[in-house]
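Asker: Fold the stuff below for me.
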Amino acid sequence: MIVEKLSVEAACRRGGELQWLWLRSLSEVYLGEMRRDIALDELIEVRFFNANEEIRLFRSGGELKACALRPEPGDEVIEKSMPISNPKFGKSISVCQQLAADDDGQTAVVATRLAGWEG
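Answerer: Predicted structure coming up:
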């Protein structure tokens, strides 16, 4: 998986081009189709995503940080779709889990990114 560090501005711009959004802020939690009314001053974490890329904005040390995650050729992944219990957030969410060998040679999940949503 390719992890690219981004500026907050670049993350908001690129993220706005993706299909879905998962948002946690001081005043709400939202999962669904893309929307543009994100209050950065209240933001805890946001994930913009589609089937091929996830862009994350998150707080670390009191500052907003950002990165993009996308697959690269040869990645070993498990794709999962899971039902959502609360209908307010849709019917299901899909994730891609990146696999790699740990220090003992055991296969482990080393990263997870959001990859789909059904409302």
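Asker: A66: what's it in contact with?
Answerer: By CB atoms under 8 Å, 6 or more residues apart in numbering, the contact list for A66 reads K5, L6, S7, V8, A10, A11, I55, R56, L57, F58. The C-beta positions use only the backbone N, C-alpha and C, and glycine is treated the same way.
Asker: With adjacent residues omitted, what lies nearest to it?
Answerer: The shortest distance from A66 to any non-neighbouring residue, by CB to CB, 6 or more residues apart in numbering, is to A11 (3.4 Å).
Asker: Shouldn't that neighbour be within a helix?
Answerer: Yes. Under DSSP: H, G, I helix; E, B strand; the rest coil, A11 falls within a helix.
Asker: In this protein, mark out all the strands, start to finish.
Answerer: Taking DSSP state E, the strands of the chain run over residues 2-6, 20-25, 29-33, 43-49, 54-60, 63-70, 76-83, 92-101, 107-118.
Asker: Now do the same contact list for the residue nearest to A66.
Answerer: F48, I55, R56, L57, A66, C67, A68.
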